[in-house]
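[1] Take this sequence and fold it.
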Amino acid sequence: MAGDFLPRETRELTRDIRDIGEVKLWTFGKSNLTVGGLVSGVLIVVLFWLLSRLVQRLFRRFRESSPQAAPPIYIVEKVATYGLSAIGVFMGISAFGLDLSSLSLFAGALGVGLGFGLQGVVKEFISGLVLIFDRLIRIGDYLELQTGERGVVAEIGARATRLRNNDDLDVLVPNSRLIEAPVTNWTHQNSARRMHVPFRVAYGTSKEAVRDAVLKAAHEVPFTLEDTPRRKTQVWLVGFGESGLMFELVVWPTLEAVKRPNAAHAAYTWAIEDALRKGGFEIPFPQQELRLRGLFGQEGDAARDALRLKPPTRRSTKAGEDADGATHNDAAEDLVRGAEEDAMNPVPGTDPVVPPPPKAP
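    Below you'll find the model as predicted:
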């Protein structure tokens, strides 16, 4: 035999290794687990695991070099990595020397136990497979969840989907949430979405002039799409506010800008403010109007005259006499004292202010 030509020391070492490999570690029915079977099984599993990592890395490079073909490449990548891992596990079990038919009863009981104990893990794994093959959510899509999380889909894993938000942070979302709960896909089928940017101008401003200035400013933003019959940049008058007219800029940005909504909104707001300031349009501030109904028992013009400490007219004096029983608060009494002091030092050319008589006790 070929082994007879080997040196005696080598033949003895080989015989010793074979003897060690045939040492039985565990016997179950017709299955015998030996040292050699254990070592070979572990090596096979590790080899297929490393092969799956290598395949995943190669497909990831293909996805990065071809962004347009990333979704189908990702599907092939997941199928290949999961398939290689499964093949490695089954081949490793066979290399162990275990008879799977003799373990069927034990495997069934173990499967029931795992089904109850790991049902959450199995649920997330199946949900991940559904997401991969359903293709309603793909790698590169920008998602928004009901709970407020937003980000680009970076990876659909066996347990969770990884979203990369605009702060370059990873958000891990369980796969089942993306199936069971409503999800907003801002970039489904690689299409842009419309943005609404609110702003206000003062009452009396020309609406046409505001529209022209804001439209021009919006088109100067570099990531604004060109107008088409279906997608037009517009300015809407949407309401009447407490201090001014309420407008909205309705604009279609590029797909990359859609994936960064906060930055895009800030850019359009900046452009609108510049356009309004250059055009001389007034941006209103919150205002409140105070109407004085009565003072010192007087109404209307007579009350305003008393507040300004002007000499009361004959009409205001008559109104004061008719409302002799009015109640004065502390502020009114302060104004009375101020009027008395002005009466002691009247302004030249005017008559002194005569305060109304105090109320009888």
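[2] Return the residues in contact with the closest residue to G128 other than its chain neighbours.
    Spatial nearest neighbour of G128, excluding adjacent residues (CB to CB, 6 or more residues apart in numbering): N175 at 4.4 Å. The C-beta positions use only the backbone N, C-alpha and C, and glycine is treated the same way. For N175, the contacting residues are E124, F125, S127, G128, V130, L131, I156, G157, R159, A160, T161, by CB atoms under 8 Å, 6 or more residues apart in numbering.
[3] Please repeat the previous calculation with a cut-off of 10 Å.
    Taking CB atoms under 10 Å, 6 or more residues apart in numbering, we find N175 in contact with 123-132, 137, 156-161.
[4] Any figure for the gap between the residue lying closest to Q234 once chain neighbours are set aside and G148?
    Nearest non-adjacent residue to Q234, counting by CB to CB, 6+ apart: V250, 4.6 Å away. For V250, the distance to G148 (CB to CB, to the nearest Å) stands at 24 Å.
[5] Of those two, give the one with the bigger neighbour count.
    Higher neighbour count among V250 and G148: V250, with 17 against 6, using other CB atoms under 10 Å.
[6] tell me the mean pLDDT for stretch 230-248?
    Computed over stretch 230-248, the mean pLDDT rounds to 92.
[7] Return that stretch as PDB; C-alpha atoms alone will do.
    Extracted in PDB, the C-alpha atoms of stretch 230-248 (Å, rounded to 0.1, in the frame of the first residue of the first chain):
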ATOM      1  CA  ARG A 230     -47.700  66.700 -12.600                       C
ATOM      2  CA  ARG A 231     -45.200  68.200 -10.200                       C
ATOM      3  CA  LYS A 232     -45.200  72.000  -9.900                       C
ATOM      4  CA  THR A 233     -43.700  74.300  -7.300                       C
ATOM      5  CA  GLN A 234     -46.600  76.400  -5.900                       C
ATOM      6  CA  VAL A 235     -47.500  79.000  -3.300                       C
ATOM      7  CA  TRP A 236     -50.800  78.500  -1.500                       C
ATOM      8  CA  LEU A 237     -52.800  80.900   0.700                       C
ATOM      9  CA  VAL A 238     -54.000  78.500   3.300                       C
ATOM     10  CA  GLY A 239     -55.600  80.700   6.000                       C
ATOM     11  CA  PHE A 240     -56.000  84.000   7.900                       C
ATOM     12  CA  GLY A 241     -53.900  84.100  11.100                       C
ATOM     13  CA  GLU A 242     -54.200  86.400  14.100                       C
ATOM     14  CA  SER A 243     -51.500  88.600  12.800                       C
ATOM     15  CA  GLY A 244     -51.100  88.000   9.100                       C
ATOM     16  CA  LEU A 245     -51.900  85.900   6.000                       C
ATOM     17  CA  MET A 246     -50.800  82.200   6.200                       C
ATOM     18  CA  PHE A 247     -49.000  80.800   3.100                       C
ATOM     19  CA  GLU A 248     -47.400  77.500   2.200                       C
END
